[in-house]
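1. Let me see the structure of the following:
(2 chains)
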Amino acid sequence: MDTVGRRKFLGLCLGGVATGALAAIIYPLFRYLAPRPVDGSADKVVIQLKDVPDGEAKFFEFAGASAVLVNKRGGGLVALSAVCTHLGCIVQWEKDKQDFLCPCHGGHYTPDGAVVSGPPPKPLTKLPFTVANGAITIG
Amino acid sequence: MALFKRVIDWIDVRIGARDLAQKQVGDYLLPRNINVWYSMGSILLFIFVMQIVTGILLLIYYVPDADKAFKSVTYIMNEVPFGWLIRMCHAVGSNMMVLVLLLHMFSVLFMGSYKGPRELNWVTGFILLTLVQGISLTGYLLPWSQLSFWATTVATNSANAIPVVGHYLVEFLRGGKLVGPATLGRFFALHVAVIPLAIGALVGLHLFLLERIGVSTPPFGLKETKNSWQGKEFRYEGHPGGIRFFPNYALQDLTSIAIYFACFLGVVFFDPYLFFPRDAFLPANAFVTPAHIKPEWYFLANYQTLKIFPNELIGLTVQGAAMTFLALLPFIDRGPERHPLKRPVFMVCTLGGILLWLGLTVWGHYS
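-> Model prediction:
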């Protein structure tokens, strides 16, 4: 093997070892920094119907994010993600106006999550729920 | 590679990077008889960077609250992926840092490198040693284990022996009458902010002095081993015809770092609890004092000295005198000879001192 060939071979070996060493550092580092599952972020949340009076909303944590259950004035339940679709702020329930307001940039949503005005590009995400024996199970 | 070269060219035409690198590392000449002991400083720099990186990573999950600290450390060890690795690297690294620092200090001692004009290098190095001991002591409390709690109680209590202000000093150190949440708060601030900044600044000054004065010539393999500096004017000790720092000695530095790293990983993977006694795994309990609580190995000699003397003040005074003597050594030992075998008094005193320290450490461990 000539000198250039040997030098190239050694260079490749060194590069391989360096890449392996780098991977051995980066992989644990990535795993260490990767998000951890949050305690209490259940897949199913049960709320008693009596805890959400007519015309009011109840905020809760669902699957690691904020969610809201609305008992619409005049009847009807809706479970929604409380995360504004504009820039991720949490919407507030305006009981007197019976709508959602995002305080960050003034986005307005109906109690069903549809956009009324402001910058949100799409409605709030609806969450599935069932009602049985006075208890609402979301998820 | 072409893109990389273009980026370097772009920087080079603006700040003269190649010229600077050539002057600082390529044309930086070292004595031809330089030895492996001169790479201890580079190993220490590597360890310091490792400690900073692993320390920052631990800060992500560690909670400096007396009610949550132990739980957060347990969480890092048992729940976070590779959390055990980061913590073990930090804990083992802190012990290794003291060990390599001592080796660095011994090599400087034996080669007489602390002699003029390098007195300031020695003094800054000595302050760095005390700061490293300080950062180790403050870090010891953070896991809030039985070991942390009671070792800190004993360590801070030593200040009680100082006349008049002793009591107040203990309270000031602890932030209260006893070790508690207030102590954790101040030790945390010292450990993660104050002492690291001080160490960083001192390392900068230490390297500045090295750059300004030049690397010392080892006294081995030379006919003339006396210090030639007369002390009358500033002199940069260049080494014409010497070996280049880059790539020659940089390769030696890398080799030494690789050997150190292999030893370090050997401890981390095969004996990670080498520096962890049983009490390090129990949460702190202010009402239950464990039996035979002992400090870290590098404080065992101090611990045993305090036990030997019937009066704590005498024990502290003796230690203070020994530390002051060591700090001021370049101003006391002013002889020009640097070769250790031509300095019999120095050799007897130094070897005697090291043996005494080792003896007290072993005694402290088994007492």
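
2. Quick check: end-to-end length of stretch B:133-151?
-> Chord length of stretch B:133-151, first to last residue, is 14 Å (Cα to Cα, to the nearest Å).

3. pLDDT of that stretch, averaged?
-> For stretch B:133-151, mean pLDDT is 95.

4. Name the residues of chain A found near chain B, please.
-> Neighbours of chain B within chain A, by Cβ under 8 Å from any Cβ of the partner chain: A:28-29, A:31-34, A:36. Quick note: C-beta positions are derived from backbone N, CA and C, even for glycine.

5. From these, list the buried ones, please.
-> A:28, A:32 (16 or more other Cβ atoms under 10 Å in any protein chain shown).

6. Do the longest helix that chain B contains and chain A come into contact?
-> Secondary structure of chain B per DSSP state H: the longest helix is helix B:83-110. Yes. On the criterion Cβ under 8 Å from any Cβ, helix B:83-110 is in touch with chain A at B:83, B:85-86.

7. pLDDT and neighbour count added to those, as a markdown table?
-> Formatted as a markdown table, the residues of helix B:83-110 next to chain A follow (pLDDT from 0 to 100; neighbours: other Cβ atoms under 10 Å in any protein chain shown):
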| residue | pLDDT | neighbour count |
| --- | --- | --- |
| B:83 | 97 | 22 |
| B:85 | 97 | 20 |
| B:86 | 98 | 23 |
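
8. Tabulate those in a markdown table, adding columns for distance to residue B:118.
-> As requested, these are arranged in a markdown table below (distance: Cβ to Cβ, whole Å):
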| residue | distance to residue B:118 |
| --- | --- |
| B:83 | 42 |
| B:85 | 39 |
| B:86 | 37 |
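
9. what's the spacing between residue A:139 and residue B:346?
-> 77 Å (Cβ to Cβ, to the nearest Å).

10. And those two? Which one has more around it.
-> Between residue A:139 and residue B:346, counting by other Cβ atoms under 10 Å in any protein chain shown, residue B:346 is the more crowded of the two (18 against 15).

11. can I assume that one sits in a strand?
-> No. Using DSSP: H, G, I helix; E, B strand; the rest coil, the assignment for residue B:346 is helix, not a strand.

12. wait, what's in contact with it?
-> If you count contacts by Cβ atoms under 8 Å, 6 or more residues apart in numbering or on different chains, residue B:346 has them with B:333, B:340.

13. now it: how far from chain A?
-> With the distance defined as Cβ to the nearest Cβ, to the nearest Å, residue B:346 ends up 43 Å from chain A.

14. Which pLDDT value belongs to that residue?
-> Confidence at residue B:346, expressed as pLDDT, is 94.

15. Can you point out the helix or strand that includes residue B:46?
-> For residue B:46, the host element (DSSP states H and E) is helix B:40-61.

16. then that helix to CSV, C-alphas only?
-> Taking Å, rounded to 0.1, in the frame of the first residue of the first chain, the C-alpha atoms of helix B:40-61 are listed here in CSV:
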residue,chain,number,x,y,z
MET,B,40,-1.8,18.4,33.7
GLY,B,41,-3.1,21.9,33.1
SER,B,42,-4.8,20.9,29.9
ILE,B,43,-6.4,18.0,31.6
LEU,B,44,-7.7,20.3,34.3
LEU,B,45,-9.1,22.7,31.7
PHE,B,46,-10.9,19.7,30.1
ILE,B,47,-12.3,18.6,33.5
PHE,B,48,-13.4,22.2,34.3
VAL,B,49,-15.3,22.4,30.9
MET,B,50,-16.8,18.9,31.6
GLN,B,51,-18.0,20.1,35.0
ILE,B,52,-19.6,23.2,33.6
VAL,B,53,-21.4,21.2,30.9
THR,B,54,-22.6,18.4,33.2
GLY,B,55,-23.5,21.0,35.9
ILE,B,56,-25.7,23.0,33.4
LEU,B,57,-27.4,19.8,32.3
LEU,B,58,-28.1,18.8,36.0
LEU,B,59,-29.6,22.3,36.6
ILE,B,60,-32.4,21.4,34.1
TYR,B,61,-33.9,18.8,36.5
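
17. what pairs with the spatially most central residue of chain A across the strands?
-> Centroid-nearest residue in chain A, with Cα atoms, centre = their mean: residue A:65, separated by 4.3 Å. Counting by DSSP bridges, residue A:65 is bridged to residue A:62.

18. Same check on residue A:136?
-> Note on residue A:136: beta-bridge partners residue A:47, residue A:131, judged by DSSP bridges.

19. Enumerate the positions of the helix or strand where residue B:364 lies that are buried.
-> With elements taken from DSSP H and E, the one containing residue B:364 is helix B:344-366. For helix B:344-366, burial by neighbour count (16+ other Cβ under 10 Å) applies to B:346, B:350, B:357, B:360-361, B:363-364.

20. which one of those is nearest residue B:116?
-> Comparing the buried residues of helix B:344-366 against residue B:116 with Cβ to Cβ places residue B:346 closest, at 15.5 Å.

21. farthest pair in the buried residues of helix B:344-366?
-> B:346 and B:364 (26.5 Å).

22. For residue 48, list the residues it contacts.
-> In the absence of a named chain, chain A is used. Residue A:48 sits next to A:134-136 when contact means Cβ under 8 Å, 6+ apart.

23. Oops, wrong one, chain B.
-> Contacts of residue B:48 (Cβ under 8 Å, 6+ apart): B:97, B:199, B:203.

24. What ranges does chain A have for its helices?
-> Applying DSSP H to chain A gives helices spanning A:3-33.

25. pretty sure residue B:66 contacts residue B:176?
-> No. Counting by Cβ atoms under 8 Å, residue B:66 does not reach residue B:176; the two are 11.6 Å apart.

26. what about these two, which has more around it?
-> Higher neighbour count among residue B:66 and residue B:176: residue B:66, with 18 against 13, using other Cβ under 10 Å.

27. Would you check how far apart the residue lying closest to that one once chain neighbours are set aside and chain A are?
-> Of all residues not flanking residue B:66 in the chain, residue B:181 sits nearest, at 3.9 Å (Cβ to Cβ, 6 or more residues apart in numbering or on different chains). Counting by Cβ to the nearest Cβ, the separation of residue B:181 from chain A is 24 Å.

28. so what pLDDT did residue B:181 get?
-> pLDDT for residue B:181: 96.

29. Any figure for the gap between it and residue B:187?
-> Using Cβ to Cβ, residue B:181 is found at 11 Å from residue B:187.

30. out of the two, which sits in the busier spot?
-> The neighbour count for residue B:181 versus residue B:187, taken as other Cβ under 10 Å, is higher for residue B:187 (24 against 14).

31. can you give me the helices in the stretch 201-350 of chain B?
-> Counting by DSSP state H, counting those that start in this stretch, the stretch 201-350 of chain B has helices at residues B:250-270, B:300-308, B:312-327, B:329-332, B:344-366.

32. Report the distance from the last one to the chain centre.
-> From the chain centre to the centre of helix B:344-366 is a distance of 19 Å (Cα atoms, centre = their mean, to the nearest Å).

33. which regions of chain A lie under the pLDDT threshold?
-> Within chain A, the ranges that satisfy pLDDT under 70 run A:1-3, A:38-42.

34. what do you get if the cut-off is 90, keeping everything else the same?
-> A:1-4, A:35-44, A:63-65, A:73-75, A:139 (pLDDT under 90).

35. And for the residue nearest to residue B:255 when sequence neighbours are not counted, the neighbour number?
-> Excluding the flanking residues, the one nearest residue B:255 by Cβ to Cβ, 6+ apart is residue B:39, at 7.8 Å. By the other Cβ under 10 Å criterion, the neighbourhood of residue B:39 contains 22 residues.

36. Likewise for residue B:329?
-> Applying other Cβ under 10 Å, we find 19 residues neighbouring residue B:329.

37. May I have the secondary structure class of the closest residue to residue B:221 other than its chain neighbours?
-> Spatial nearest neighbour of residue B:221, excluding adjacent residues (Cβ to Cβ, 6+ apart): residue B:33 at 4.7 Å. With three-state DSSP as the basis, residue B:33 sits in coil.
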